[in-house]
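> Here is a sequence together with a model predicted from it:
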Amino acid sequence: MNRGWIICGLALTGWLWAGCAWGQTTPSTQPELQRNETPEQHEARMTWWRQARFGMFIHWGVYSVPAGTYDGKKIAGIGEWIMNRGKIPVAEYAEYAKQFNPTKFDADQWVETAQEAGMKYMVITAKHHDGFAMFHTKVDGYNIYDATPFKRDPLAELAAACQKHGMKLGFYYSQCQDWHHPGGDVKGGVHWDKAQDGDFDEYLNSVAIPQVKELLTNYGPVSVLWFDTATGLMTPQRAGEFLPLLDLQPQIIVNNRLGGGFKGDTETPEQRIPPQGFPGRDWETCMTINDTWGYKSYDTNFKSTETLLHNLVDIASKGGNYLLNVGPTSEGIIPQPEVDRIKAIGDWLKINGESIYGSGPTAFGPEAGSLDPVKKDRRGRPVWVAAWDWRCTTKPGKLFIHLLKWPGEKFELSGMKGSVTKAYMLADAQQAELAVQQSGDHVSVTLPAAPPDKIDSVLVMEEK
Ligand code: H79
């Protein structure tokens with residue numbers, strides 16, 4: 001064969017190969033994965049979520065039994081990853097289920113705790129990466145009903161309690177990673193037990209898809225579906241197999257972690273607050289209270305109530321939601337240090353909730369912080385330095401100034417667009433008017449002698 005033909009053949013092969021890859025992955029030939037709805041329907045579907053601002057994340061599973069310790073050793077990292085970090089064999093990890101008997105679990109109490117914390121929705125792990133179903137699945141026996149002495153379905157009990165108390169309920173489901181079922185994936189790693197080997201499509205069709213279907217069929221209204229850790233195996237085609245299930249719950253809100261290019265409804269920064277939020281997108285920061293999602297007996301590095309509340313306010317001022325995690329024990333109890341902190345936030349919200357629920361983002365911006373003129377991160381981008389003096393949330397005709405540091409006698413503000421007609425402290429039931437001086441876009445408000453709250457005193461300015 002002469003050289004011309006060889007080159008021609010290579011070019012043709014390359015073209016065919018490129019054509020295949022192109023056909024599978026580029027958005028131009030693959031219809032974008034999205035739900036069939038009008039912009040108006042989308043807005044209506046998101047309304048309650050935008051009002052809510054504050055939710056409870058619950059990471060609860062078999063990992064609460066070892067609680068961070070395996071084979072006498074403290075396993076580093078997040079507690080729900082213990083099977084992976086400890087490279088625990090599948091059969092050995094499954095033994096923990098026999099010790100999982102959370103008889104102190106009380107669904108009503110969990111919902112009441114969330115309500116006392118001012119949280120408007122809760123999202124619980126139906127199945128985490130360890131593959132253990134926290135509900136009575138019919139897929140197999142690896143679930144809390146069939147494989148533990150508990151013999152109850154906590155998700156059914158939570159669903160009933162949420163219905164009773166008017167709490168929105170969502171399910172977390174690990175769709176790609178599954179370290180128990182053959183064929184399930186391991187993000188950033190490889191199988192460590194032959195029992196994990198298998199076919200990913202077989203896993204999707206026999207475990208993940210049927211279980212998501214059960215969750216969206218058997219538990220009444222499900223308000224949120226929270227996928228996690230999409231891996232490279234989740235192609236657009238595979239992700240597309242999940243989408244018809246969403247029609248089982250037409251109002252459900254889905255996050256952006258299914259994979260395969262599905263954008264979902266919400267951005268989900270994890271353990272961080274984006275400096276500018278996500279303009280044009282709904283978003284939710286999920287965060288731990290200590291350093292683990294799933295319970296670890298020795299993680300006592302709890303954030304202060306002040307930090308947690310400042311985070312909630314910071315997030316609201318950027319138009320996002322705060323999904324704050326609790327990690328119940330293997331007895332079914334939410335650790336008291338976590339309850340104490342979220343209830344303290346709830347106490348603040350009882351007085352100041354008007355400035356959070358249904359609020360819009362700041363009318364200003366620079367108060368949130370600035371980019372460091374010198375320091376760069378690992379990728380060479382300027383480092384964001386948050387400022388913590390004050391934040392602003394808004395409602396039509398009202399500015400809520402969250403004074404995180406009490407400025408003393410006066411609060412001075414530049415960049416005011418409207419004119420202030422009235423100012424008072426939100427904590428003041430009488431709404432005693434505070435003296436306001438405005439000159440152009442500069443406003444000066446004379447504050448009361450003492451701050452009404454140690455963590456965040458909210459100054460209301462009505463404007464026209
Ligand atoms: O469910 C929670 C986490 O388990 C899950 N997302 C939240 C909501 C999550 N899965 N992966 N990650 C978060 C990214 C973190 C990966 C790490 Fe690791 C696990 C860092 C240390 C342990 C993987 C294993 C990377 C290094 C070792």
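Alright, I've got the coordinates. It should be emphasised that the depicted structure is a prediction, and the values quoted were computed from it without experimental measurement. Numbers count the residues shown, from 1 in each chain.
> mind listing the helices for the stretch 151-300 of the chain?
Under the criterion DSSP state H, counting those that start in this stretch, the stretch 151-300 of the chain contains helices at 154-165, 200-203, 209-217, 236-240.
> Just put these in TSV and tack on mean neighbour count.
Placement of C-beta: from N, CA and C, glycine included. Listed next are the helices of the stretch 151-300 of the chain as TSV, based on neighbours: other CB atoms under 10 Å:
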stretch	mean neighbour count
helix 154-165	19
helix 200-203	16
helix 209-217	19
helix 236-240	18
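> Count residues in the vicinity of residue 287, would you?
22 (other CB atoms under 10 Å).
> Which residues does it form beta bridges with?
residue 324 (DSSP bridges).
> List the contacts of it.
By CB atoms under 8 Å, 6 or more residues apart in numbering, the contact set of residue 287 is 270-271, 311, 322-325.
> any idea how far it lies from residue 429?
32 Å (CB to CB, to the nearest Å).
> about what we covered before: out of the contacts of residue 287, which are close to the ligand?
residue 270 (CB under 6 Å from any ligand atom).
> which of the contacts of residue 287 count as buried?
Buried subset of the contacts of residue 287 (neighbour count, 16 or more other CB atoms under 10 Å): 311, 322-325.
> Just give me the closest of those to the ligand.
The shortest approach to the ligand among these belongs to residue 325, at 7.6 Å (CB to the nearest ligand atom).
> Let me know the pLDDT of the closest one.
As predicted, residue 325 sits at a pLDDT of 99.
> Please tell me I have it right and it contacts residue 294.
No - contact criterion CB atoms under 8 Å: residue 325 and residue 294 do not qualify, at 9.3 Å.
> Mutual contacts of those two, please.
residue 59.
> which ones are touching the residue nearest the centre of the chain?
Per CA atoms, centre = their mean, the C-alpha nearest to the average position across the chain is that of residue 286, at 3.6 Å. Contact analysis of residue 286 by CB under 8 Å, 6+ apart lists 57, 268-271, 323-325.
> Please repeat the previous calculation with a cut-off of 10 Å.
By CB atoms under 10 Å, 6 or more residues apart in numbering, residue 286 lies in contact with 55, 57, 123, 172, 226, 228, 255, 268-272, 293, 321-325.
> before we move on, what about residue 293?
Counting by CB under 10 Å, 6+ apart, residue 293 makes contact with 57-61, 63, 78-81, 125, 128, 172, 270-271, 286-287, 325-327.
> Excluding chain neighbours, give the residue nearest to it in space.
Beyond its immediate neighbours in the sequence, the residue positioned closest to residue 293 (CB to CB, 6 or more residues apart in numbering) is residue 59, lying 3.8 Å away.
> Assess the claim that the one you found and residue 295 are in contact.
Yes - Residue 59 is within contact range of residue 295, at 7.8 Å (criterion: CB atoms under 10 Å).
> Contact residues of the stretch 201-350 of the chain facing the ligand?
228-229, 270, 286, 293.
> repeat that with 8 Å
Within the stretch 201-350 of the chain, the positions near the ligand by CB under 8 Å from any ligand atom are 226, 228-229, 270, 286, 293-294, 325.
> returning to that earlier point: need the helices of the stretch 151-300 of the chain in TSV (columns: mean pLDDT and distance to residue 307).
Compiled in TSV, the helices of the stretch 151-300 of the chain are given as follows (pLDDT from 0 to 100; distance: least, CB to CB, whole Å):
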stretch	mean pLDDT	distance to residue 307
helix 154-165	98	28
helix 200-203	98	40
helix 209-217	98	33
helix 236-240	97	36
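> which strands and helices sit next to the helix or strand residue 344 falls within?
If you go by DSSP states H and E, residue 344 is part of helix 336-352. In terms of contacts (3 or more CB pairs under 10 Å, 6 or more residues apart in numbering; DSSP states H and E), helix 336-352 is packed against strand 54-58, helix 107-116, helix 305-317, strand 321-326, strand 457-463.
> Output it as PDB - backbone C-alpha positions only.
Below are the C-alpha coordinates for helix 336-352, written out as PDB (Å, rounded to 0.1, in the frame of the first residue of the first chain):
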ATOM      1  CA  GLN A 336     -26.500  17.700  71.900                       C
ATOM      2  CA  PRO A 337     -23.700  20.200  70.900                       C
ATOM      3  CA  GLU A 338     -25.300  20.300  67.400                       C
ATOM      4  CA  VAL A 339     -28.800  20.700  68.800                       C
ATOM      5  CA  ASP A 340     -27.700  23.500  71.100                       C
ATOM      6  CA  ARG A 341     -26.200  25.500  68.300                       C
ATOM      7  CA  ILE A 342     -29.000  25.200  65.800                       C
ATOM      8  CA  LYS A 343     -31.600  26.000  68.500                       C
ATOM      9  CA  ALA A 344     -29.700  29.100  69.300                       C
ATOM     10  CA  ILE A 345     -29.900  30.100  65.600                       C
ATOM     11  CA  GLY A 346     -33.700  29.300  65.900                       C
ATOM     12  CA  ASP A 347     -34.000  31.700  68.900                       C
ATOM     13  CA  TRP A 348     -32.400  34.500  66.800                       C
ATOM     14  CA  LEU A 349     -34.700  33.700  63.800                       C
ATOM     15  CA  LYS A 350     -37.800  33.900  66.000                       C
ATOM     16  CA  ILE A 351     -37.000  37.600  66.500                       C
ATOM     17  CA  ASN A 352     -35.200  38.300  63.300                       C
END
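> now it against strand 54-58, angle please.
170 degrees (axes from the mean of the first three to the mean of the last three CA atoms, to 10 degrees).
> Could you check the angle helix 336-352 makes with strand 321-326?
150 degrees.
> Can you give me the buried ones in helix 336-352?
Result for helix 336-352 [16+ other CB under 10 Å]: buried residues 338-339, 341-342, 344-346, 348-349, 351-352.
> Stretch 390-406 too?
The neighbour-count check on stretch 390-406 (16+ other CB under 10 Å) flags 390-394, 398-404, 406 as buried.
> residues contacting residue 252?
Contacts of residue 252 (CB under 10 Å, 6+ apart): 35, 45, 170-171, 216, 221-225, 245-246, 265.
> and if you look at residue 406?
Contacts of residue 406 (CB under 10 Å, 6+ apart): 389-390, 447, 450-454, 456-457.
> ditto for residue 156
Per CB under 10 Å, 6+ apart, neighbours of residue 156: 107, 135-136, 145, 218-220.
> related to what we said a few turns ago, how about the residues of the stretch 201-350 of the chain next to the ligand in a markdown table, adding distance to residue 439?
Formatted as a markdown table, these follow (distance: CB to CB, whole Å):
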| residue | distance to residue 439 |
| --- | --- |
| 226 | 49 |
| 228 | 52 |
| 229 | 53 |
| 270 | 44 |
| 286 | 43 |
| 293 | 50 |
| 294 | 55 |
| 325 | 46 |
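> From those residues, which land in strands?
Of these, the ones assigned to strands by DSSP state E are 226, 286, 325.
> Redo those residues as JSON lines? Include distance to residue 433.
Converted to JSON lines, those look like this (distance: CB to CB, whole Å):
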{"residue": "226", "distance to residue 433": "45"}
{"residue": "286", "distance to residue 433": "40"}
{"residue": "325", "distance to residue 433": "41"}
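> Closest to residue 67 out of those residues?
residue 325 (15.5 Å; CB to CB).
> distance of the closest one from residue 79?
11 Å.
> ok, now residue 53?
27 Å.
> This completes my enquiry, with thanks.
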